[in-house]
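1. Let me see the structure of the following:
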Amino acid sequence: MNIKEASEAAKKKLADVLNKKPNSTISISKEGEGWLATVEIIDEEFLPGKNLQSMSDLMGVYEVKLDSKGEIINYNKKSSHKRGQ
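-> Alright, predicted model coming up:
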């Protein structure tokens with residue numbers, strides 16, 4: 001698995017686990033046989049007329065460890081912020 005495949009796997013598989021929309025891979029590095037990625041996920045999407053307290057999406061930043069096949073070993077939420085902050 002190359003770095004591009006690992007980046008896409010981290011983003012897609014974390015979004016699938018959380019049942020949320022992926023945004024981007026912020027960083028990725030090789031760790032032994034696997035990969036360590038930092039992924040941004042849309043935790044709460046701004047929908048006009050629905051969540052009026054927020055005028056932008058709430059983004060979660062997660063650290064994701066993948067094995068050599070691109071399967072998630074574990075993940076941790078590191079922080080959250082409004083989009084653009």
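2. so what's the spatially most central residue of the chain up against?
-> Residue closest to the mean C-alpha point of the chain, counted by CA atoms, centre = their mean, is residue 39 at 3.1 Å. Counting by CB atoms under 8 Å, 6 or more residues apart in numbering, residue 39 touches 10, 11, 14, 22, 23, 24, 25, 26, 61, 62, 63, 64. C-betas here are computed from N, CA, C, even on glycine.
3. Per-residue pLDDT of the residue lying closest to residue 26 once chain neighbours are set aside, please?
-> Distance criterion CB to CB, 6 or more residues apart in numbering; nearest residue to residue 26, sequence neighbours excluded, is residue 38 at 4.3 Å. pLDDT for residue 38: 97.
4. Which of the three states applies to residue 38?
-> strand (DSSP: H, G, I helix; E, B strand; the rest coil).
5. close enough to count as contact, it and residue 75?
-> No: under the criterion of CB atoms under 8 Å, residue 38 makes no contact with residue 75, lying 10.3 Å away.
6. what's the helix or strand for residue 9?
-> Per DSSP states H and E, residue 9 falls inside helix 3-18.
7. ok, now residue 78?
-> Here residue 78, judged by DSSP H and E, is contained in strand 72-82.
8. Equivalent analysis for residue 29, please.
-> Taking DSSP H and E as the definition, one finds residue 29 inside strand 21-31.
9. What is the neighbour count of the closest residue to residue 17 other than its chain neighbours?
-> Closest residue in space to residue 17, ignoring its immediate chain neighbours: residue 72 at 6.5 Å, by CB to CB, 6+ apart. By the measure other CB atoms under 10 Å, the count of residues near residue 72 is 16.
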